[in-house]
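Peer 1: quick check, what structure comes out for this input:
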Amino acid sequence: MAVALDREKSVARFRAEEFDLAVIGGGINGAAVARDAAMRGLSVALVERGDFAWATSSRSSKLIHGGFRYLPQREFGLVYHALRERELLRHRTAPHLVKPIRFLFPIYQDHGFGRFTMSLGLWLYDLFARIPRAKRHASLNAASVRDYEPTLSRNNLSGGALYYDAWTDDARITFENVLDAGLHGAAVANRVAVEDLILHDGKLAAANLRDLIGDGKLELRARAFVNAAGPWVDEIRRMEDASAVQSVRLTKGVHLVFRRESLPVRQALVLGADEERIVFVMPHERYVLVGTTDTDYAGDPAAVKTEAADIVYLLDVLAESLPGIRLTPDDVAADFAGLRALVIAGHNQSPSSVPREEVILQSQSGLISVAGGKLTTHRAIAEKVVNQVMRELGYAARRCLTRKTPLPGARPLKAGAEGAASSLKGLSREARDILNARYGSRAAIPAAIALQDPALARPLAPGCPAIGAEVIHAARNEMVHSIEDFLVRRTALSWRSPAEAYAAAPAVAKLLAAELGWPRDREKGELAAFMITGGGRIAART
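Peer 2: Next comes the predicted model:
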């Protein structure tokens, strides 16, 4: 079995083959659809005009969860299925990427969830997830809540609860779906834009593409097409039918990152602004992730960004709940903004009350469009979509394999594959831990690269939780073409360790230049571009 993605071979296949299925969009939904379809034996093409997980799928709250706040909205089915998928990811398909996180949820008399709602909700949460007794939620009185988190406001504090959920690297789990699609025979490529859709006798038959790296045009032919373009799903639909009505409502979610010294909380917290809105506070090593906002968005999806009002909102939530910690915009180490594609429901519904279920539509010409849903339920959404594709293609039902098949980093490398597991033994404990946490069983591949040159086994910058060999591995095997691809999406350093990511950028540029053959002016331009677009907010606050 191959260990790498090969973009040039994929683009050549786009030109030469007619596929069973073409998937437009390399976010989590498109990646999961491509993986499922390839595992069922379909010939699959996956194209992404940016990088994999470039938009929404790298800008989420990083949670794999049922969605406690959907219980008061009576979205019991959504929560149940999400929790079942959470447990599947944790214990079978992605245990190297999906880890448990314990939250403290304080309850106040004057706002947010009441004690009865909390108790009932968490009882259902544990029941749906079939949580072992030792991991079930625990109700706390006010004194116990203060013991766990002394920084919390004491005004009208009536109690709280401890409960478990899970979190992940959203971009990494998206990429592993892409990778597995490729390992099962799919042709996959980033930096390939869909410019037009082609109909033959009223049936969607091909797409005109532009290779944004090779700057060439090509035609991608397939018997079925899935549109998984996220916030751009309606843009793709209108390529096929200019009169297509809007199918999703876009809302913006903003997250802020703080140094632990600035936001010294002991626990991961759930702060209830009201019964519809909650804000997560999640410590991770030297930084704390805080989010999210939930406001309607009507602009260009590519231009979504954090505004001053978003920062003020989240700082106000923190100030109310953690009054002893005084934060200002200058304390923000990094931030990111993303868009959710939601079901269009009643006009008067607030963004937070709109259901998080997916939208699946099929046009008369056969284009199947999917948008929305939750990161947690990506596998189940893909199963629904591929079932529909199979029916459209007239194939007999083929069993979905994704429920039982681990992602690449959770299964052993094929015997004799590049980088035997023994290569890890030659690295320092710190380097081994870094690689195992990010790549799981595939850590042996960058480890083998590190053993070829001791300099590649060292951190990219002081205190940076990434080593030089990872850059080489990303360029050779993970279709990385820019500094941002590596620091924002393949490693998530931009939010996990923003100051260290900024400090590492010159080393990343140098290694990519050597590996990808960039001339000196290209290297300098790529570094400058990252500082402005990929790392500008990090730089401004470091």
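
Peer 1: all contacts plus neighbour counts: C-alpha atoms, from now on.
Peer 2: Will do.

Peer 1: show me the helices in the stretch 1-150 of the chain, by range?
Peer 2: For the stretch 1-150 of the chain, applying DSSP state H, counting those that start in this stretch gives helices covering 7-16, 28-39, 76-88, 115-129, 142-148.

Peer 1: could you say which of these is packed most deeply?
Peer 2: Of all those, helix 28-39 carries the top mean neighbour count, a mean of 31, counting by mean count of other Cα atoms under 10 Å.

Peer 1: who are the packing partners of it?
Peer 2: strand 18-24, strand 44-48, helix 170-183, helix 378-393 (3 or more Cα pairs under 8 Å, 6 or more residues apart in numbering; DSSP states H and E).

Peer 1: dump the ones you listed into TSV; add mean pLDDT, distance to residue 127 and mean neighbour count as well.
Peer 2: TSV is the format used below for the helices and strands packed on helix 28-39 (pLDDT from 0 to 100; distance: least, Cα to Cα, whole Å; neighbours: other Cα atoms under 10 Å):
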stretch	mean pLDDT	distance to residue 127	mean neighbour count
strand 18-24	98	36	24
strand 44-48	98	38	28
helix 170-183	98	26	25
helix 378-393	97	20	19
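
Peer 1: re earlier: of all the helices of the stretch 1-150 of the chain, which lies closest to residue 199?
Peer 2: Proximity to residue 199, assessed across those by Cα to Cα, is greatest for helix 7-16 (17.6 Å).

Peer 1: can you check what pLDDT the model gives residue 376?
Peer 2: Looking at residue 376, its pLDDT is 96.

Peer 1: for residue 133, same thing?
Peer 2: For residue 133, pLDDT reads 75.

Peer 1: now do the strands in the stretch 251-400 of the chain.
Peer 2: 268-272, 278-284, 287-291, 295-296, 332-343, 358-362, 368-372 (DSSP state E, counting those that start in this stretch).

Peer 1: pLDDT weak spots in the stretch 201-350 of the chain?
Peer 2: Applying pLDDT under 70 to the stretch 201-350 of the chain flags the ranges 273-276, 345-350.

Peer 1: could you do the stretch 51-200 of the chain as well?
Peer 2: 69, 71-74, 111-116.

Peer 1: isn't there a strand covering residue 462?
Peer 2: No. Using DSSP: H, G, I helix; E, B strand; the rest coil, the assignment for residue 462 is coil, not a strand.

Peer 1: which residues touch it?
Peer 2: The contact partners of residue 462, by Cα atoms under 8 Å, 6 or more residues apart in numbering, come to residue 500.

Peer 1: roughly how far does it sit from residue 514?
Peer 2: Distance, residue 462 to residue 514, using Cα to Cα, to the nearest Å: 22 Å.

Peer 1: circling back: save the helices and strands packed on helix 28-39 as CSV, and put in distance to residue 128 too.
Peer 2: Listed next are these as CSV, based on distance: least, Cα to Cα, whole Å:
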stretch, distance to residue 128
strand 18-24, 33
strand 44-48, 34
helix 170-183, 23
helix 378-393, 16
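
Peer 1: residue 441: neighbouring residues, count only.
Peer 2: Residue 441: 18 surrounding residues under other Cα atoms under 10 Å.

Peer 1: which one of the helices of the stretch 1-150 of the chain lies nearest to residue 99?
Peer 2: helix 76-88 (10.0 Å).

Peer 1: helices or strands next to that closest one in the packing?
Peer 2: helix 115-129.

Peer 1: the inter-axis angle of the helix it packs on versus helix 76-88?
Peer 2: For helix 115-129 against helix 76-88, the angle by axes from the mean of the first three to the mean of the last three Cα atoms, to 10 degrees is 50 degrees.

Peer 1: who's in contact with helix 115-129?
Peer 2: 66, 68, 71-72, 79-80, 83-84, 87, 107, 136-137, 139, 158-161, 163.

Peer 1: for the most centrally placed residue in the chain, which residues are in contact?
Peer 2: What sits nearest the mean C-alpha location of the chain, by Cα atoms, centre = their mean, is residue 170, with 2.5 Å. Residue 170 makes contact with 57-60, 62, 375, according to Cα under 8 Å, 6+ apart.

Peer 1: distance to residue 118 and neighbour count for these - can I get that in CSV?
Peer 2: Output for the contacts of residue 170, formatted as CSV (distance: Cα to Cα, whole Å; neighbours: other Cα atoms under 10 Å):
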residue, distance to residue 118, neighbour count
57, 29, 28
58, 30, 25
59, 28, 24
60, 24, 23
62, 23, 19
375, 24, 25
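
Peer 1: minimum distance to residue 96: which of the strands of the stretch 251-400 of the chain has it?
Peer 2: Going by Cα to Cα, the one of the strands of the stretch 251-400 of the chain nearest residue 96 is strand 278-284, 16.3 Å.

Peer 1: how close does residue 288 get to residue 310?
Peer 2: In terms of Cα to Cα, residue 288 sits 17 Å off from residue 310.

Peer 1: same question, residue 140
Peer 2: Counting by Cα to Cα, the gap from residue 140 to residue 310 is 32 Å.

Peer 1: more neighbours: which of the two?
Peer 2: Ranked by neighbour count (other Cα under 10 Å), residue 140 and residue 310 place residue 310 first, with 22 against 19.

Peer 1: what sits against residue 67?
Peer 2: Contact partners of residue 67, counting by Cα under 8 Å, 6+ apart, are 79, 82.

Peer 1: which residues touch the residue lying farthest from the centre of the chain?
Peer 2: The C-alpha centroid of the chain is most remote from residue 201, which lies 38.2 Å away (Cα atoms, centre = their mean). Not one residue lies near residue 201 by Cα under 8 Å, 6+ apart.

Peer 1: for residue 373, same thing?
Peer 2: Contact analysis of residue 373 by Cα under 8 Å, 6+ apart lists 341-342, 356-359, 381.

Peer 1: next, work out how far apart it and residue 102 are.
Peer 2: Going from residue 373 to residue 102 by Cα to Cα gives 24 Å.

Peer 1: go through this protein and flag its longest helix.
Peer 2: Longest helix of the chain, by residue count under DSSP state H: helix 498-516.

Peer 1: run through who's touching that helix.
Peer 2: 333-334, 460-464, 468, 471-472, 475-476, 481-483, 487, 493-494, 518-520, 522-524, 526-527, 530-531, 535, 538-539, 542.

Peer 1: could you flag which of the residues you listed are buried?
Peer 2: 333-334, 460-461, 464, 468, 471-472, 475-476, 481-483, 487, 493-494, 518, 523, 526-527, 530-531, 535, 538-539, 542 (16 or more other Cα atoms under 10 Å).

Peer 1: so which of those belong to helices?
Peer 2: Checking the buried ones among the contacts of helix 498-516 against DSSP H, those in helices are 468, 471-472, 475-476, 483, 493-494, 523, 526-527, 538-539.
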